[in-house]
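[1] Show me how the following folds:
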Amino acid sequence: MGNNNYTQQPFKAAIKLGIDVLAHKPPAWIKGQRLGLLCNNSSLDSRFIHTRVRIAGLFDDNLKCLYSPQHGFFGEKQDNMIESGDRLDPCLGIPVYSLYGQTRKPTSEMLAPIDILLVDLQDVGTRVYTFIYTLSYCLEAAREHGKTVVVLDRPNPLGGLEIEGNCLDPSFASFVGRYPLPMRHGLTIGELALLFNEHFNIGCDLKVIPMEGWKRWMLFGRTGLFWIAPSPNMPMPSTALVYPGQVLWEGTNVSEARGTTQPFELFGAPFLEPDKILGIIDSDCLPGLVLRPTEFEPTSNKWMGQLCRGFQLHVVDPSVFKPYRTGLVLLQAVIRQHPEYFQWKPPPYEYEFNKLPIDLIIGDKQLRQDLENMVPVSRLEKRWQDDLLNFSDLSRKFWLYES
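    Numbers count the residues shown, from 1 in each chain. Next up, the predicted model:
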């Protein structure tokens, strides 16, 4: 039985991941081709066998090299802008090329040993998670160097029905947002690959191996699969559920609880006064959520070794919970109650050295200014409804699964 940490009733479904489908019936057009694999520690099949092991066994000695995204091949790097170097895989003895080191886009030398690049990465359903942009750079490089990309699909842990938030302003494009997606985009990584490749005119030779059995209504806890953390601070599906809003704290001097056992589910700072925050928040505008005042002491990152007062987010009804709205409401409450202490985090952030990190995360400078000026979040939400409707219509063209 899989993790059901934010579902009230266990549910098992016969989900076959993209790697399971590929392994069950390997396509004839892959056989005899030189293969590469973009993956990390969470790239396991439904039986806990790593994808590189499955691929090596399926296609003789044709797996020539591996590629790793942010946080390293084993998910060992804790934070942003902590690069990984190239290495050898201790299991297969083949090269591992880092795509979060000297380059974020595969070079001609990196792609020279292969004909087909397989991609098996667990996305978390949020615009700012960098794995999807590593994928986009791979699509571009594949087009430039005449390679084929094959994405082995995986669930969106937030499901595939709900979308939320403003779409990125292209003038704030960065490695945490290359395309005008909403913060909660509602697509699997395979569907995103199709959208990037076709709608944004990358135009590489792309194929997606869909899952079998996944439905759009399924949050991760309903899949019957086990969660393997795709990065050090994404330890549970419940982390992914709150991440679209809680990631906003990365652009501030408030701790998102890196350096604790519950990153993103906690937030706080030494100056924060929970009672004051609760006193100005209308609980009706935060459905499906209980805010529990608490204290924590990070062992690394912001406020390391200092007592932080704040909250833990308990999502009691995921079907109505709005993570991005929640993050904006909480952020604005902290700005209002603690103007003398609250600060925006200065650059750099994800290789951008001039723009404020919060502007890159939110993807809209005007939205940050409106939050400072106490424009109600409900009014801000109305502003981007047309963009959300347009994105909904666009994204449906690339759906591989029904609800």
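
[2] drop to CA atoms for contacts and neighbour counts, all remaining ones
    OK.

[3] ok, residues contacting the host helix or strand of Val96?
    Using DSSP states H and E, the secondary-structure element containing Val96 is strand 95-98. Surrounding strand 95-98, the residues in contact under the criterion C-alpha atoms under 8 Å, 6 or more residues apart in numbering are 64-69, 72-73, 84-89, 104, 110.

[4] how does it look with 7 Å?
    By C-alpha atoms under 7 Å, 6 or more residues apart in numbering, the residues outside strand 95-98 that reach it are 65-69, 84-89.

[5] what two of those have the greatest distance between them?
    Greatest spatial distance in the contacts of strand 95-98: Cys65 and Ser84, 16.0 Å, computed using C-alpha to C-alpha.

[6] In terms of neighbours, single out the busier of these two.
    A count of neighbours by other C-alpha atoms under 10 Å puts Cys65 above the other of Cys65 and Ser84, at 24 against 21.

[7] quick one: contacts for that one?
    By C-alpha under 7 Å, 6+ apart, Cys65 lies in contact with 36-37, 94-96.

[8] what would those look like in TSV with distance to Asn233?
    Below are those laid out as TSV (distance: C-alpha to C-alpha, whole Å):
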residue	distance to Asn233
Gly36	27
Leu37	23
Ile94	28
Pro95	26
Val96	23
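
[9] Among these, the buried ones, what's the ChimeraX command?
    Only the buried entries of those go into this ChimeraX selection, using 16 or more other C-alpha atoms under 10 Å:
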select :36,37,95,96
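
[10] And the contacts of Cys65, which is closest to Thr134?
    Nearest member of the contacts of Cys65 to Thr134, counting by C-alpha to C-alpha, is Leu37, at 12.7 Å.

[11] I'd like the distance between the closest one and Leu63.
    Computed as C-alpha to C-alpha, to the nearest Å, the Leu37 to Leu63 distance reads 8 Å.

[12] which parts of stretch 19-28 are buried?
    Neighbour counts over stretch 19-28 (16+ other C-alpha under 10 Å) mark 19-23 as buried.

[13] Those in helices, which ones?
    Cross-referencing the buried residues of stretch 19-28 with the helices (criterion: DSSP state H) gives 19-23 as the overlap.

[14] how does this protein divide into domains?
    For the chain, the structural domains run 18-228, 237-379, going by automatic domain parsing.

[15] now the protein, which segments are flagged as low pLDDT?
    Confidence mapping of the chain against pLDDT under 70 gives the ranges 1-13.

[16] so where do the helices sit in it?
    18-24, 51-58, 108-111, 131-145, 189-199, 237-246, 274-280, 323-337, 357-362, 365-372, 377-383, 385-396.

[17] Gly32 is nearest to which of those?
    Each of those was checked against Gly32 via C-alpha to C-alpha, and the shortest separation belongs to helix 51-58, namely 10.9 Å.

[18] what sits up against that closest one?
    Counting by C-alpha under 7 Å, 6+ apart, helix 51-58 makes contact with 19, 43-45, 63, all of which sit outside it.

[19] For that helix, C-alpha coordinates in PDB please.
    What follows is helix 51-58 as a C-alpha-only set of coordinates in PDB (Å, rounded to 0.1, in the frame of the first residue of the first chain):
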ATOM      1  CA  THR A  51      15.200   2.800 -14.000                       C
ATOM      2  CA  ARG A  52      18.900   2.700 -15.000                       C
ATOM      3  CA  VAL A  53      19.000  -1.000 -13.900                       C
ATOM      4  CA  ARG A  54      15.900  -1.800 -15.800                       C
ATOM      5  CA  ILE A  55      17.100   0.000 -18.900                       C
ATOM      6  CA  ALA A  56      20.500  -1.700 -18.700                       C
ATOM      7  CA  GLY A  57      18.900  -5.100 -18.400                       C
ATOM      8  CA  LEU A  58      16.400  -4.500 -21.200                       C
END
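
[20] And it, what's buried?
    Within helix 51-58, the residues that qualify as buried by neighbour count (16+ other C-alpha under 10 Å) are 51-52, 54-55, 58.

[21] do the same with stretch 121-141
    Neighbour-count burial for stretch 121-141, counted by 16+ other C-alpha under 10 Å, picks out 121-141.

[22] next one: stretch 282-290
    Across stretch 282-290, burial judged by 16+ other C-alpha under 10 Å covers 286-289.

[23] cool, stretch 340-360 as well?
    For stretch 340-360, the neighbour count (16+ other C-alpha under 10 Å) marks 342, 344-345, 349, 352, 356-360 as buried.

[24] Turn the residues you listed into a markdown table, including distance to Asp153.
    Output for the buried residues of stretch 340-360, formatted as a markdown table (distance: C-alpha to C-alpha, whole Å):
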| residue | distance to Asp153 |
| --- | --- |
| Phe342 | 41 |
| Trp344 | 37 |
| Lys345 | 35 |
| Tyr349 | 29 |
| Glu352 | 30 |
| Leu356 | 34 |
| Pro357 | 30 |
| Ile358 | 30 |
| Asp359 | 31 |
| Leu360 | 27 |
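
[25] Next, give me the two most distant ones among the residues you listed.
    Across those, the longest distance by C-alpha to C-alpha is 22.0 Å; it joins Phe342 and Glu352.

[26] So which of the contacts of Cys65 is the closest to Val329?
    Val329 lies nearest to Leu37 out of the contacts of Cys65, by C-alpha to C-alpha, at 40.5 Å.

[27] Pull the contacting residues for Asp20.
    Residues near Asp20 by C-alpha under 7 Å, 6+ apart: Asp45.

[28] Quick check: it vs Val150, distance?
    With distances taken as C-alpha to C-alpha, Asp20 is found 14 Å from Val150.

[29] Mind jotting down where the strands sit in the stretch 151-300 of the chain?
    Listed in chain order, the strands of the stretch 151-300 of the chain (DSSP state E, counting those that start in this stretch) span residues 164-167, 182-184, 205-209, 266-269, 289-296.

[30] I'd like to know which of these lies nearest to Pro235.
    Among the strands of the stretch 151-300 of the chain, strand 266-269 sits nearest to Pro235 (C-alpha to C-alpha), with 13.0 Å.

[31] who touches the closest one?
    Outside strand 266-269, the residues within contact range by C-alpha under 7 Å, 6+ apart are 254-257, 308-313.
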